[in-house]
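In: Sequence and predicted structure, then a few things I'm wondering about:
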Amino acid sequence: MQYPNGTNGNGNHPQPFRPAQHTQQQLITAILDGAYPPGSPLPAERRLAELFGVTRPTIREALQRLASEGWVTIRHGKATEVNNFWETGGLGLLGTLARYGGQLPDRLVVHLLEFRVIMLPPVARRAAAEHSADIQAYLARRHDLDDMAEAYTAYDWDLQVLLARRSGNPLFPMILNDFKTVFHTMGQFYFTHSAGRNASAAYYGALERAIGDSGETVESVVKMAMETGITIWRQINSATKENTDGAMERLGG
């Protein structure tokens, strides 16, 4: 996922990578985009060096980094093989992706949002049943929320953390913690657009009203908000891509 204006998703220009880091980023993006699918061999070091325009020692270092994080298996005397990380990898790999700022693949972002649709509604229901006062007190703070991407990103993340921690199951916040950096990268982009902020503001109000109703209502409100978020994300991302493609065509013309 490319962010507009060459930023890293929070409005700042990313720090330059060392050659091995940059090559690692390009390899991960190629793996996730399907150029090197799980189970397939990577090209030889010499060929990779030609493809990415770097030296073989740089390729070797990048591959060692990938191997240490579980992306590939280096087999001496044989081709390096891409691991089936979708089945064997852990959520810790998301931290690697988040370090690359705007390079999060589109389909992975949607997968994460779909996972949130499954996870967060029942978590919110459990939290509201036992700690409604804490949640309502936090939601009341939405009236002082600045209409800025940074403010909404922080507020929305802290709400999810609060729900997870008040759910009574310690595994929920542990799982959520793995998404922190990724969420902040995504949130800075999502909440830059008024559609994202407006939808979330409506969600916070609906959730505050639902807290005093029933568990089913809370779960329904959260699920609907998460599904709406996916729709808005796709619309924003599609519009951004069209604008970027249009700009590139004008430059080419």
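Out: Thanks, I have the structure now.

In: so for the helix or strand Val218 falls within, what's the average pLDDT?
Out: Assessed by DSSP states H and E, Val218 sits inside helix 215-252. The average pLDDT for helix 215-252 rounds to 82.

In: who does it touch, helix- and strand-wise?
Out: With contacts taken as 3 or more Cβ pairs under 8 Å, 6 or more residues apart in numbering; DSSP states H and E, helix 215-252 sits against helix 106-140, helix 180-190, helix 194-211. C-beta: built from backbone N, CA, C; applies to glycine.

In: switch the cut-off to 7 Å
Out: Applying 3 or more Cβ pairs under 7 Å, 6 or more residues apart in numbering; DSSP states H and E, one finds that helix 215-252 contacts helix 106-140, helix 194-211.

In: weakest of these by average pLDDT?
Out: helix 106-140 (a mean of 92).

In: and that one, how far out from the chain's middle?
Out: Centre-to-centre, helix 106-140 and its host chain are 16 Å apart (Cα atoms, centre = their mean, to the nearest Å).

In: can you list the helices and strands packed on helix 215-252 in JSON lines and add distance to Arg60 and mean neighbour count?
Out: Below are the helices and strands packed on helix 215-252 laid out as JSON lines (distance: least, Cβ to Cβ, whole Å; neighbours: other Cβ atoms under 10 Å):
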{"stretch": "helix 106-140", "distance to Arg60": "27", "mean neighbour count": "17"}
{"stretch": "helix 194-211", "distance to Arg60": "42", "mean neighbour count": "18"}
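
In: which stretch among those comes nearest Asn177?
Out: Nearest to Asn177 among the helices and strands packed on helix 215-252 is helix 106-140 (12.9 Å), distances taken as Cβ to Cβ.

In: helix or strand right after that closest one?
Out: Of the helices and strands lying after helix 106-140 in sequence (DSSP H and E), the nearest is helix 149-165.

In: sec struct for the closest residue to Leu51 other than its chain neighbours, please.
Out: Nearest non-adjacent residue to Leu51, counting by Cβ to Cβ, 6 or more residues apart in numbering: Pro43, 7.0 Å away. Here Pro43 is recorded as coil under DSSP: H, G, I helix; E, B strand; the rest coil.

In: quick one: pLDDT of Pro43?
Out: Looking at Pro43, its pLDDT stands at 95.

In: quick one: it and Val54, what's the gap?
Out: Distance, Pro43 to Val54, by Cβ to Cβ, to the nearest Å: 13 Å.

In: More neighbours: those two, which one.
Out: Taking neighbours as other Cβ atoms under 10 Å, Pro43 and Val54 compare with Val54 leading, 18 against 14.

In: Make sure Met30 is actually in contact with Pro37.
Out: For residue 30 the amino acid is Ala, not Met. No - counting by Cβ atoms under 7 Å, Ala30 stays clear of Pro37, with 10.0 Å between them.

In: Pick out whichever of these two has more residues nearby.
Out: Neighbour totals were compared for Ala30 and Pro37, and Ala30 leads with 15 against 11 (other Cβ under 10 Å).

In: Identify the residue nearest the more buried one in space, chain neighbours excluded?
Out: Closest residue to Ala30 apart from its sequence neighbours, by Cβ to Cβ, 6+ apart: Tyr36 at 5.5 Å.

In: dump the residue contacts of that neighbour.
Out: Applying Cβ atoms under 7 Å, 6 or more residues apart in numbering, we find Tyr36 in contact with Ala30, Leu42, Val82.

In: mind putting those residues in a markdown table, distance to Ile74 included?
Out: Listed next are these as a markdown table, based on distance: Cβ to Cβ, whole Å:
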| residue | distance to Ile74 |
| --- | --- |
| Ala30 | 17 |
| Leu42 | 9 |
| Val82 | 11 |
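
In: Many thanks, have a good one.
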